[in-house]
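Visitor: Mind folding the following:
(3 chains)
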Amino acid sequence: MKTKQIITAYAVTIILFLCCPAFLNRYWVDVLNNVGLYAILGLSLNVILGYAGLFNMGHAAFYAIGAYTAAILNTKFGVPVLLLIPVAGVFAAVFAAVVARPIIHLRGDYLLIVTIGMVEILRIALINDLFGITGGSNGIYGIGRPEIFGFKIKKPHEFFYLIWLFVAITVFFFNRLENSRFGRALNFLREDEVAAEGSGINTAWYKLLAFILGAFWAGMTGVLYATKMNFISPESFNFWESVVIFMIVILGGSGSIMGVILGAFLVVGLPEVFRDFANARMLFFGAAMIVMMIFRNEGLIPPKPKKFVLDA
Amino acid sequence: MKRIFILALALCLISTGSVFAAGKTVRIGLMGPMTGPWASEGQEMKQVLDLLAEDINKAGGINGMQVEVIAEDDAGDPRTAALASQRLSTRDVVAVVGTYGSSVTEATQTIYDESEIIQVANGSTAVRLSEKGLNFFFRTCPRDDEQGRVAAQTIKKLAYKNVAILHDNTTYAKGLANEAKALLVKEKDIKIVFFDALTPGERDYNTLLTKLKGSKPDVVFFTGYYPEAGLLLRQKRELGFTAPFIGGDATNHPDLVKIAGVEAAKDFYFLSAPLPKDLPSAEATSFVKGFEAKYGNSPNSIYAVLAGDGFRVVVEAIKNAKSVKSNDIAKYLHTKLTDFPGLTGTISFNEKGDRVGDVYRVYRVDAAGNFILQP
Amino acid sequence: MEQFFQQLTNGLAVGGIYALIALGYTMVYGVMKLINFAHGDLFTLGSYLGLSLLTSLALTENIGAFMGVIALAILVMALVGIVGVVLERAAYRPLRESPRLSAVVSALGASIVLSNGIMLIYGAKYLFYPQNILPSMTIPIFGLPVPLMRIIILVTSLVMMAALYLFIQKTTIGTAIRAAAIDQGAARLMGINVDMVIMMVFMIGPALGGAAGLMVGLYYGNINFTMGWVYGLKAFTAAILGGIGNIPGAMVGGILLGVIESLGAAYISLAWKDAIAFFVLILILIVRPTGLLGERVAEKV
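Guide: Just a heads-up that it's a prediction; the model follows:
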């Protein structure tokens, strides 16, 4: 009975949400598109930060690798954008595997600063036009639009469905992951690393896997960003961008899928809602962060404690 | 569950909030960095446009229609700028003035073009912005290649042999540095002894200056912005490094002298569009007077004045084309507007939307810290 | 060779400031295990308050340049210290029992509030310290002309650090701070007022940051509301480099970071300066996972 009600509630919300581009102007639809992108980024960081408990404040680096891979392959070789989504993901994952391997054993805040260092080094490399393919500070312009059966996605209203479809896939996938052997291993590892190691979980390997998976997903999101903006530059992937993704996860509720999505709505949406305060909008935004953290200090929707029902 | 419904309801409410009613006004958008590192430029751009709009409305508006300036914050960041431009495109603006920074502008060009809104950039000098064949894109600032040409010419004229070029790795500064370098290496008797970038936003450039001094240049061409230029001048004096500095137009700001100190800024050369005070035109003098009366100081940033010019050409086009349709305005600006008396000299646009004509002048800072136009 | 020593002094001057700011990060971290991301903005606040006081009280004209600057420093440190305590009360105390990262997000929020608050009060424009409050002259050291102001910065930084070190090691309050850093619960059982310790830490750390802000204003002459972010990140890096939570570590880390930056920029690449600094940091952490002077302890579970 109860579950039926919940399902109807979800269904109604989803249908309402899918209809909302019809009532919204392109600005608000674009805000929702950004929310969607950051929700996916937040969910991908959630694997690293929420499930595995690794303090990664350099997530924008993976996102950047994905976006740049797509931009370069699309503008130089004309590879279609949609095809590039998995390719860019793989590039980001390989980058993560190489970079994270030597630093994975660092603890807490040391990992935090190293990941900040990673994203800063990458940004400086992009600005200095590494290998002569990143366009330096100019970035890359003219990234193609995605095409599905001859239909070209151009307008914010059209991107809305592409991006939120990807959000839905992400939610589905990570929801399955949470309950998988891998997800449970990460949870164990976060709660008690020593005990996890003792129970035969190869902690270093699982941590690395979490990094690779999160990076893979962020890399794919980078493609969506690149094609939506049709222009990317190093400024879009600075340290502050990583901080924003980090805040989304913690504010929403580290480890909780619904929480992270709500976090994306607030962190990306609030500065837009506060636009009427003009120059003071970021001040209100900062104050709102503090207040929300104080009143919901586990995050807005913390993950529910796991229940396992024994078959009687 | 309840929470979800409330959220859905809230979304619907937000959506209705942005519906507006169009009256008998012309709306002109301003997109500028109201927050973030370039906030002082953006806020001054708004001051300039507010003043100009006020004057026009007092004088009866454009063809009887009142003008309204709708300002949006792009925070000097491409992603925020994309949102700001989407927002402006939903608010029934005829044209948008802005913004500061080429990569920020670039993130918004497609959006304005697709919504058929005129964009007049004021501080975006990267060459390729106007090479895309966009019908609705204009800019009142000249391009990097034009400035690079003037810089190379100036260096040649002053007969310097060993030239150091320093940029800050931003789109604008690097573009200008590359343009100047490309022209200077062609000269037989000029040698580039140093070409590198500093990290903007820092306070201490002694390391850089020590290195620069070691390369023994006759002159240093710095293509970055005024805060760094001021610090470089101040610290170079302290270091006893005497080679003269030449700056690009982003160093044109009264704060340059305040950061450097009057003694250190003395004999600094820079290129720039002429300052309003150096224009004999009645428009420029009355503008500066009006600005001083309203805000208590004369305009600081040349880019804010260029935004004012962007606003004025749009107004002129609406007035004479007797239309608020983008196509008519664009056509007027492309073909009919010639030698319009701007606040920064006469303005005409070519088919790409670039400002044509000799815009750049050479300025020198005198012993009292004033910017003196060089003949 | 002369250029090498010149670059070394350049690095030391920058490093002295990093070290002073890094102390604030490290002290707060030591006791609270919190990365106070708002610390960089407290540093900015110090330079703005310094300017306000300098122009409104005209201290340097009334009681002489050196005495005036010292009085100014004390005032700025006191004020920024008070702001630090208020900040702790408002944004961090309610989160003391919650997950560590929640407090980090609150700190990021506080950083946004402080920097944008400064922008709204003082404006987005650059502000300027009056020139030549302290005589601008150079003193030859080993044949190198070193500006007096730089020597003052370095010496002041070192004196403050030494004073802090002695305070932490020798006084009763210092002992209480060290005890609270090791184990808050046990410290409380020993009759230490941990709330008071935290208040002290949030007074001393920001006060030192404020002093650094004042010095930056006096030496470099111009300030704006975004500068805390750059200095804050560098100082945080320095604190980690030395081993966060460790006071001598912050000093070593700060000075070292300044020197690495300077020599890296001079002899490897100017444009890659910050990348080089981070690269060295990562290398050091791979070899010594808890920083140069950090203790190897298992993280609390």
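
Visitor: In the stretch 1-150 of chain C, what residue spans correspond to helices?
Guide: For the stretch 1-150 of chain C, helices defined by DSSP state H, counting those that start in this stretch occupy the ranges C:2-32, C:39-57, C:59-63, C:65-87, C:100-122, C:148-170.

Visitor: Helices along the stretch 151-300 of chain B, start to end?
Guide: B:171-184, B:206-214, B:226-239, B:255-260, B:262-265, B:282-295.

Visitor: so can I have a markdown table of the ones you listed showing mean pLDDT and mean neighbour count?
Guide: All C-beta atoms are positioned from the backbone trio N, CA, C, and that covers glycine. Shown next, in a markdown table, are the helices of the stretch 151-300 of chain B (pLDDT from 0 to 100; neighbours: other CB atoms under 10 Å in any protein chain shown):
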| stretch | mean pLDDT | mean neighbour count |
| --- | --- | --- |
| helix B:171-184 | 88 | 23 |
| helix B:206-214 | 89 | 22 |
| helix B:226-239 | 89 | 24 |
| helix B:255-260 | 87 | 23 |
| helix B:262-265 | 88 | 19 |
| helix B:282-295 | 88 | 15 |
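
Visitor: The ones you listed: which one's closest to chain A?
Guide: helix B:171-184 (4.8 Å; CB to the nearest CB).

Visitor: outside of the closest one, which residues touch it?
Guide: Here helix B:171-184 makes contact (CB atoms under 8 Å, 6 or more residues apart in numbering or on different chains) with A:136-139, A:233, B:101-103, B:124-127, B:144-145, B:147-149, B:151-152, B:155, B:163, B:165-168, B:190, B:192, B:195, B:197, B:221, B:223-225, B:248, B:250.

Visitor: Filter the residues you listed down to the buried ones, ChimeraX style.
Guide: A single ChimeraX command selects the buried members of these (16 or more other CB atoms under 10 Å in any protein chain shown):
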select /A:136,137,138,139,233 /B:101,102,103,124,125,126,127,144,145,147,148,149,151,152,155,163,165,166,167,168,190,192,195,197,221,223,224,225,248,250
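
Visitor: sorry, back to before: which one of the helices of the stretch 1-150 of chain C has the lowest average pLDDT?
Guide: Out of these, helix C:59-63 stands lowest, with a mean of 71 (criterion: mean pLDDT).

Visitor: For the stretch 101-250 of chain A, what lies in contact range of chain C?
Guide: Residues of the stretch 101-250 of chain A found near chain C (CB under 8 Å from any CB of the partner chain) are A:102-103, A:105-110, A:112-114, A:116-118, A:120-121, A:124-125, A:127-128, A:192-194, A:239, A:243, A:246-247, A:250.

Visitor: again with the stretch 201-350 of chain B
Guide: Contact residues, the stretch 201-350 of chain B versus chain C (CB under 8 Å from any CB): B:201-204, B:206-208, B:210-211, B:214, B:227, B:230-231, B:234, B:238, B:240, B:255, B:258-259, B:261, B:300.

Visitor: what about 6 Å?
Guide: Within the stretch 201-350 of chain B, the positions near chain C by CB under 6 Å from any CB of the partner chain are B:201, B:203-204, B:206-207, B:210-211, B:214, B:238, B:255, B:258-259, B:261.

Visitor: possible to save the residues you listed as TSV with distance to B:Phe291?
Guide: Below are these laid out as TSV (distance: CB to CB, whole Å):
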residue	distance to B:Phe291
B:Gly201	29
B:Arg203	31
B:Asp204	35
B:Asn206	37
B:Thr207	39
B:Thr210	41
B:Lys211	41
B:Gly214	44
B:Glu238	35
B:Asp255	17
B:Lys258	19
B:Ile259	22
B:Gly261	26
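
Visitor: Adding distance to chain A and mean neighbour count, write the helices of the stretch 1-150 of chain C out as JSON lines.
Guide: Shown next, in JSON lines, are the helices of the stretch 1-150 of chain C (distance: least, CB to the nearest CB, whole Å; neighbours: other CB atoms under 10 Å in any protein chain shown):
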{"stretch": "helix C:2-32", "distance to chain A": "7", "mean neighbour count": "25"}
{"stretch": "helix C:39-57", "distance to chain A": "10", "mean neighbour count": "24"}
{"stretch": "helix C:59-63", "distance to chain A": "31", "mean neighbour count": "14"}
{"stretch": "helix C:65-87", "distance to chain A": "10", "mean neighbour count": "19"}
{"stretch": "helix C:100-122", "distance to chain A": "3", "mean neighbour count": "22"}
{"stretch": "helix C:148-170", "distance to chain A": "21", "mean neighbour count": "16"}
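
Visitor: Out of these, the one nearest A:Phe159 is which?
Guide: A:Phe159 sits nearest to helix C:100-122 of all the helices of the stretch 1-150 of chain C, at 28.5 Å, using CB to CB.

Visitor: okay, the angle between that closest one and helix C:2-32?
Guide: Using axes from the mean of the first three to the mean of the last three CA atoms, to 10 degrees, the direction of helix C:100-122 lies 120 degrees away from that of helix C:2-32.

Visitor: For chain C, what lies in contact range of chain B?
Guide: Counting by CB under 6 Å from any CB, the residues of chain C near chain B are C:3, C:6-7, C:10, C:14, C:124-126, C:128, C:131, C:147, C:216, C:220, C:222, C:226, C:230, C:262, C:265-266, C:270-271, C:273.

Visitor: Please pick the buried ones from the residues you listed.
Guide: Buried by 16+ other CB under 10 Å: C:6-7, C:10, C:14, C:124-126, C:128, C:147, C:216, C:220, C:222, C:226, C:230, C:262, C:265-266, C:270-271, C:273, out of those.
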